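# Here's a sequence, model it:
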Amino acid sequence: MITTLAENPLLLLFLVAAIGYGVGQIKIKGSGLGVAAVLFVGLLFGSLDKSLQLPNIILTLGLSIFVYTIGLSSGASFFATFKRRGFRDFYFVFAMLIFSSALTLGLHYLFDFDASVTTGIFAGSSTNTAALAGILDTFSGRVEDETKLNWMMENSVVGYSICYPMGVLSSLIAIATLQKWLKIDYKKEAFDLKEEYPVAEEILSETVEIKNENYANRALRDLLRDNDWTVVFGRLKRNGNVFLSNRDTELEVGDLIKITGSKGELEKVVGQLGAITDDNINFNESEYEVRRIFVSNPNVSGQSLASLNLSEKYATIVTRLRRGDVDVLVNGNTVFELGDRVRFVARKKDIPELIKLFGDSYQALGQINLFSFGFGMALGLLLGMISFELPGGIVFKLGFAGGPLVVGLILGALRRTGPVVWTLPYSANLTLRQFGLILLLSAIGIRSGHTFVSTIMGGGAGLIFLAGMTISSATAFLTILIGYKILKIPFTFLTGMVANQPAILDFALQKADNQLPNIGYALMFPVALVSKIVFVQILYFILS
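Predicted coordinates for the structure are as follows:
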């Protein structure tokens, strides 16, 4: 069996991927390793025999695809962080990474680790696979001796693998402990933050009877602006007649109007306008229809609802869209992306034109624009080859991890350049990212399995584990305490900010019982990811 796997690396790759993915689905008290289990299964297979290896190109390909797709999906939120909140959160994350790096440096000298092991400890304690991949790429670019290169790579993966579990556990312990010590009331915090940080709630529709005369004879656009309502007004029934409202529609006492929004926002609007009724305001099916269509037309991707001028061309109202597994309330500034499923009300005769405009092709969403994807990847790889010189004579490259990530962030924020759409359909991006990660984890796991077992059997794992536990625990506890007590960052935000791994984010979401941790995660993940890739390389240059 060993001989067969050694002679057939593709068979070895997919066997490790399949078993690893299956193991990752196993839940213990609601938490599992997820795709990261592929790494540990790879370590198991690699420990069986040194002849079990995968070609280097598999590691490089998986790494590049993984970080590039992350950049594409995170670009918009990455740059929105600075527009909305300035540099405060960036400085905070940066300061915590400096602390984590300094602590790693101190433990390196205390326990006399090799530099390659220390870089793995840093990446593992923060559960950052991209940082590990980045330092492995750095080794490849700086070490010419193949034997030494393989030894350094194996050491780094060993440090990562031993510290990774503690990196997850420390954050879970920090969240659970500090929420009790600080007496966090998640519901109250979510209520207080509702206006400033609206989260993805269940989107509902209600029919409201207008009873308040103070809101009569006023255009909907004025009501929305003056009352800061975040709802969508739809069909309206007046004197038995049903028609679509628009922003110039003026309400009258006795009108029935369909309103779409979050539960809390609907309660506020209904309380001001009148009362909920059971009338569903059904349209004459021969004239109007409610439909959901996919955005598969590249010409629509990257454009806002306002720029499409739909209300001027068609008798239609877009009420919401579904992106991934989340319903999003639509407004004029909403930017459509490939894969969005748009819900609208329109005249039946306008529906063919709307389908033509948006595309509505499920098959098209499974296809990848190889021009934009290939060109973007090429730009990222070229950027990764450029050498940068830091003060003190330190020269480094972004490599196959940092280059594609930076380019992906920029192109993801741009979304499109003229006719070229850089972003990928949601499902295609997720599939490529998962595929790239599986290639990456399988390759580094198999490569380092033998050294990993040797380290465990030789008794050298204890100090590595202790170092990883110290770094991850201190960083997690200090991040939450300083962020909450000094910077006054919401606790639910902070739980997302320390969620470097999906299991941690799932735990934070369960504790909060709302989506606020997702916002903290989305805002800080790109910043932390880029910073850690650079920090782990600087750490290595200092130590070497």
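
# Going by C-alpha atoms from here, please, whenever you check contacts or count neighbours.
OK.

# Please tell me how far S544 sits from I504.
For S544, the distance to I504 (Cα to Cα, to the nearest Å) stands at 33 Å.

# nope, F243 is what I was after
Distance from F243 to I504, by Cα to Cα: 48 Å.

# And for G42?
23 Å.

# All the strands of the chain, residue numbers only.
203-210, 232-238, 241-244, 256-262, 274-277, 288-294, 316-323, 326-329, 341-347, 387-390, 394-397, 416-417, 420-421 (DSSP state E).

# which strands and helices sit next to the fourth one?
In this structure, strand 256-262 makes packing contacts with strand 203-210, strand 232-238, judged by 3 or more Cα pairs under 8 Å, 6 or more residues apart in numbering; DSSP states H and E.

# would you turn the ones you listed into a markdown table with mean neighbour count?
Output for the helices and strands packed on strand 256-262, formatted as a markdown table (neighbours: other Cα atoms under 10 Å):
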| stretch | mean neighbour count |
| --- | --- |
| strand 203-210 | 21 |
| strand 232-238 | 21 |
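
# so what's N518 scoring on pLDDT?
We have a pLDDT of 67 for N518.

# Likewise for A102?
pLDDT, A102: 92.

# tally of neighbours for it?
14 (other Cα atoms under 10 Å).

# what do you get for G468?
31.

# Give me the distance between it and D137.
G468 is 22 Å from D137, by Cα to Cα.

# related to what we said a few turns ago, more neighbours, G42 and I504?
Higher neighbour count among G42 and I504: G42, with 26 against 23, using other Cα under 10 Å.

# Could I get the pLDDT score of G436?
pLDDT, G436: 88.

# And it, how close does it get to S64?
The gap separating G436 from S64 is 8 Å, by Cα to Cα.

# Between these two, which is the more surrounded one?
For G436 versus S64, neighbours defined as other Cα under 10 Å are more numerous around S64 (27 against 23).

# That one contacts A401, doesn't it?
Yes: at 5.8 Å, S64 counts as touching A401 under the criterion of Cα atoms under 8 Å.

# ok, back up a step: indicate which one of the helices and strands packed on strand 256-262 is closest to N514.
strand 203-210 (14.0 Å; Cα to Cα).

# and the residue nearest to G20 when sequence neighbours are not counted, how many residues sit next to it?
In space, and not counting its chain neighbours, G20 is closest to V38: 3.9 Å by Cα to Cα, 6 or more residues apart in numbering. V38 is flanked by 30 other residues according to other Cα under 10 Å.

# dump the residue contacts of V38.
By Cα atoms under 8 Å, 6 or more residues apart in numbering, the contact list for V38 reads V16, A17, I19, G20, Y21, V23, G24, I438, L441, S442, G445.

# Pipe those into CSV and attach distance to G483 and neighbour count per row.
Putting the contacts of V38 into CSV (distance: Cα to Cα, whole Å; neighbours: other Cα atoms under 10 Å) gives the following:
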residue, distance to G483, neighbour count
V16, 40, 29
A17, 38, 24
I19, 40, 14
G20, 36, 24
Y21, 35, 20
V23, 35, 19
G24, 32, 19
I438, 34, 28
L441, 33, 30
S442, 36, 32
G445, 35, 29
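
# now the helices for the stretch 151-300 of the chain?
In the stretch 151-300 of the chain, the helices defined using DSSP state H, counting those that start in this stretch lie at 186-192, 220-227, 263-273.

# and E189, what does it touch?
P490, T492.

# repeat for N155
S116, V117, G120, S448, T451, F452.

# Find the nearest non-adjacent residue to L430, please.
Among residues not flanking L430 along the chain, T69 sits closest, at 7.8 Å (Cα to Cα, 6+ apart).

# That neighbour: neighbour count?
28.

# and it, how far is that from G376?
Distance from T69 to G376, by Cα to Cα: 10 Å.

# Who does R320 form a beta bridge with?
L329, R343 (DSSP bridges).

# Would you mind measuring from it to R221?
18 Å.

# out of those two, which sits in the more crowded spot?
R320 (23 against 13).

# Run a quick check on the more buried one versus D327, I expect a contact.
Yes: using Cα under 8 Å, R320 is in contact with D327, at 6.8 Å.

# Including distance to L370 and mean pLDDT, could the strands of the chain go into a markdown table?
Formatted as a markdown table, the strands of the chain follow (distance: least, Cα to Cα, whole Å; pLDDT from 0 to 100):
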| stretch | distance to L370 | mean pLDDT |
| --- | --- | --- |
| strand 203-210 | 35 | 83 |
| strand 232-238 | 37 | 84 |
| strand 241-244 | 41 | 81 |
| strand 256-262 | 38 | 84 |
| strand 274-277 | 50 | 85 |
| strand 288-294 | 21 | 81 |
| strand 316-323 | 23 | 80 |
| strand 326-329 | 27 | 71 |
| strand 341-347 | 23 | 82 |
| strand 387-390 | 28 | 70 |
| strand 394-397 | 26 | 62 |
| strand 416-417 | 15 | 86 |
| strand 420-421 | 11 | 85 |
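
# can those strands go into a markdown table with extra columns for distance to T129?
Output for the strands of the chain, formatted as a markdown table (distance: least, Cα to Cα, whole Å):
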| stretch | distance to T129 |
| --- | --- |
| strand 203-210 | 35 |
| strand 232-238 | 42 |
| strand 241-244 | 51 |
| strand 256-262 | 36 |
| strand 274-277 | 51 |
| strand 288-294 | 33 |
| strand 316-323 | 26 |
| strand 326-329 | 27 |
| strand 341-347 | 32 |
| strand 387-390 | 23 |
| strand 394-397 | 18 |
| strand 416-417 | 29 |
| strand 420-421 | 28 |
